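> What would the 3D arrangement of this be:
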Amino acid sequence: MPPSHPTVHVMESPPGAECMIDGRLYLYFGGTSYLGLHGHPDVIAAACEATRKYGIHSATSRTFYGTTPVLLAVERLAAEFFDLEGSFYFASGYLSNAVLVQTLAADFDVLFLDESAHYSVVEAALTVRLPLVRFHARDPEDLQRALQHQVGPNQRPLVLTDGVSPSLGSVAPIDRYCRILERYDGAAILVDDAHGMGTIGDHGRGTLEFLGLWSRAINDDPAAADRPPVRLYVGGTLSKALGGFGGIVPGSVALLRRVRAATHYYEGASAPGTAVAAASACALQLVQRHPELRLRLRDNLRAVRSGLRQLGLSVDESPTPIVPVRAGTAEQMQHLQAELQQRGIIVPYMAAYSGLGAAGALRVAVFATHTDEMIQRLLDALRSAL
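Residues are numbered from 1 along each chain as shown. Okay, here's the model as predicted:
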């Protein structure tokens with residue numbers, strides 16, 4: 001028997017607080033457009049204008065005349081946003097971990113992987129020939145045990161983790177990992193911060209900023225003479241909160257030079273298309289000009305979490321816009337999802353994803369563009385359906 005095909009739902013509008021899906025307008029609490037910029041009129045206009053001016057790129061790699069002004073604008077604006085010397089912009093955030101792991105592999109001896117890490121982190125770890133040790137999700141004590149048993153004399157460990165869990169919204173205790181790793185000379189942590197960038201931290205720089213770990217030593221050359229006790233590396237995406245599309249690795253000029261020498265993503269892979277690059281540049285400008293978007297997101301998140309608790313649901317405390325709701329069995333949560341959808345509200349049920357247990361969860365995604373009325377409508381519908 002051929003495998004059955006999964007149900008495909010077609011989104012017929014930009015992702016946002018309201019979406020046209022399968023021909024019906026829904027209130028949307030799914031996806032990752034946390035700042036609500038993917039349908040912003042300025043972002044769309046920038047994509048259209050760049051396409052008319054530059055056509056559909058890339059006609060060749062970036063080493064052979066494939067670089068456009070909008071690509072350079074993205075890298076400049078991303079460097080400004082992260083307050084680092086430069087950045088490398090490429091086709092997909094899924095690749096950011098592979099880009100960094102392949103760049104750093106020669107400086108380390110053993111990889112330690114959070115067992116709940118996103119698929120992209122796992123697959124990146126498998127691209128290099130280093131021993132791979134898994135430790136329990138978000139568990140500093142288990143990491144410490146693994147390090148004690150697996151790191152030999154003069155060996156240098158590299159820890160791989162998500163900054164924000166894509167399904168649970170929890171923040172990795174990277175500050176505690178740092179304290180454990182200080183006793184290992186040359187140790188480092190690599191963070192996939194796809195869901196942290198743009199959403200948490202005083203300037204929206206993500207998990208490391210939220211934990212008080214952000215500095216200009218982030219993503220610096222491993223050979224730098226004044227390196228900190230534990231080096232920190234981070235990659236992510238412009239495709240979620242930051243309102244555009246494609247992967248981003250900000251960092252020092254020295255580190256970015258190593259990225260281009262150690263991997264072939266710069267000269268061998270096509271750069272992001274002109275339209276998405278222009279859209280990404282515009283979205284980065286909007287994020288920097290309008291910090292009130294993040295403030296509105298935080299207000300909305302507080303309202304959603306408070307309302308869910310008033311309904312008797314157990315909701316973890318987290319600063320991130322991902323709120324997992326566990327309400328009974330997998331079958332009961334699927335029924336609840338269907339009830340909400342009948343009422344015109346999309347809250348995806350996730351049966352299996354990075355970090356989720358066997359029963360799965362309803363994943364409520366909160367956007368800056370959700371209004372108070374929209375949030376109340378969600379809570380009223382949940383109250384009735386429950």
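
> CA atoms for contacts and neighbours, from now on please.
Noted.

> what about the residue nearest to residue 333 when sequence neighbours are not counted, distance to residue 238?
In space, and not counting its chain neighbours, residue 333 is closest to residue 327: 6.1 Å by CA to CA, 6 or more residues apart in numbering. Shown here: residue 327 relative to residue 238, a distance of 32 Å by CA to CA, to the nearest Å.

> who's more crowded, those two?
Between residue 327 and residue 238, residue 238 has the larger neighbour count (other CA atoms under 10 Å), namely 27 against 19.

> I'd like to know how far that one sits from residue 100.
17 Å.

> that older thread, the residue nearest to residue 333: what's it in contact with?
313, 333, 361 (CA atoms under 8 Å, 6 or more residues apart in numbering).

> Name the next helix or strand downstream of the one helix or strand residue 288 maps to, please.
In this assignment (DSSP states H and E), residue 288 forms part of helix 274-289. Per DSSP H and E, the first helix or strand lying C-terminal to helix 274-289 is helix 292-310.

> contacts for the helix holding residue 288?
Residues from elsewhere that reach helix 274-289 (CA under 8 Å, 6+ apart): 37-38, 42-44, 46-48, 50-51, 54-58, 68, 70-71, 73-74, 77-78, 81, 198, 238, 242-246, 293.

> residue ranges for the helices of this protein, please.
Using DSSP state H, the helices of the chain run over 41-54, 69-82, 96-104, 119-125, 140-150, 174-181, 207-210, 253-262, 274-289, 292-310, 330-342, 372-385.

> Which one of the ones you listed lies nearest to residue 189?
The closest of the helices of the chain to residue 189 is helix 174-181. By CA to CA, the value is 7.9 Å.

> Alpha carbons only: can I get that closest one in PDB?
Taking Å, rounded to 0.1, in the frame of the first residue of the first chain, the C-alpha atoms of helix 174-181 are listed here in PDB:
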ATOM      1  CA  ILE A 174      22.700  28.600  28.900                       C
ATOM      2  CA  ASP A 175      24.000  30.700  31.800                       C
ATOM      3  CA  ARG A 176      24.200  27.500  33.900                       C
ATOM      4  CA  TYR A 177      25.800  25.600  31.100                       C
ATOM      5  CA  CYS A 178      28.500  28.300  31.000                       C
ATOM      6  CA  ARG A 179      29.300  27.900  34.600                       C
ATOM      7  CA  ILE A 180      29.700  24.200  34.200                       C
ATOM      8  CA  LEU A 181      31.900  24.600  31.100                       C
END
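
> Is residue 23 in contact with residue 9, as I believe?
No: contact criterion CA atoms under 8 Å: residue 23 and residue 9 do not qualify, at 9.9 Å.

> Can you pull out the low-pLDDT segments for the protein?
Applying pLDDT under 70 to the chain flags the ranges 1-6, 354-355.

> next one: phi and psi at residue 242?
According to degrees, to the nearest 10, the main-chain angles of residue 242 amount to phi -80, psi 0.

> Now do the same contact list for it.
35, 37, 197-198, 280, 283-284, 287.

> try 6 Å
Each residue near residue 242 by CA atoms under 6 Å, 6 or more residues apart in numbering is listed here: residue 198.

> roughly how far apart are it and residue 35?
As defined by CA to CA, residue 242 lies at a distance of 7 Å from residue 35.

> The closest residue to residue 144 other than its chain neighbours: how many residues sit nearby?
Using CA to CA, 6+ apart and skipping the chain neighbours, the partner closest in space to residue 144 is residue 180 (6.5 Å). Here the number of neighbours of residue 180 (other CA under 10 Å) works out to 17.

> Residue 23 and residue 9 - which one has more neighbours?
A direct count of neighbours by other CA under 10 Å for residue 23 and residue 9 places residue 23 higher, at 12 against 9.

> Which residue comes closest to the more buried one once chain neighbours are left out?
Once flanking residues are discounted, residue 23 sits nearest to residue 12: 7.3 Å by CA to CA, 6+ apart.

> Output stretch 97-105 as PDB - backbone C-alpha positions only.
The C-alpha atoms that make up stretch 97-105 are tabulated as PDB, following Å, rounded to 0.1, in the frame of the first residue of the first chain:
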ATOM      1  CA  ASN A  97      23.800  25.300  12.600                       C
ATOM      2  CA  ALA A  98      25.500  23.400   9.800                       C
ATOM      3  CA  VAL A  99      27.400  26.600   8.700                       C
ATOM      4  CA  LEU A 100      28.700  27.100  12.200                       C
ATOM      5  CA  VAL A 101      29.400  23.500  13.100                       C
ATOM      6  CA  GLN A 102      31.400  23.000  10.000                       C
ATOM      7  CA  THR A 103      33.300  26.200  10.600                       C
ATOM      8  CA  LEU A 104      34.100  25.300  14.200                       C
ATOM      9  CA  ALA A 105      34.600  21.600  14.100                       C
END
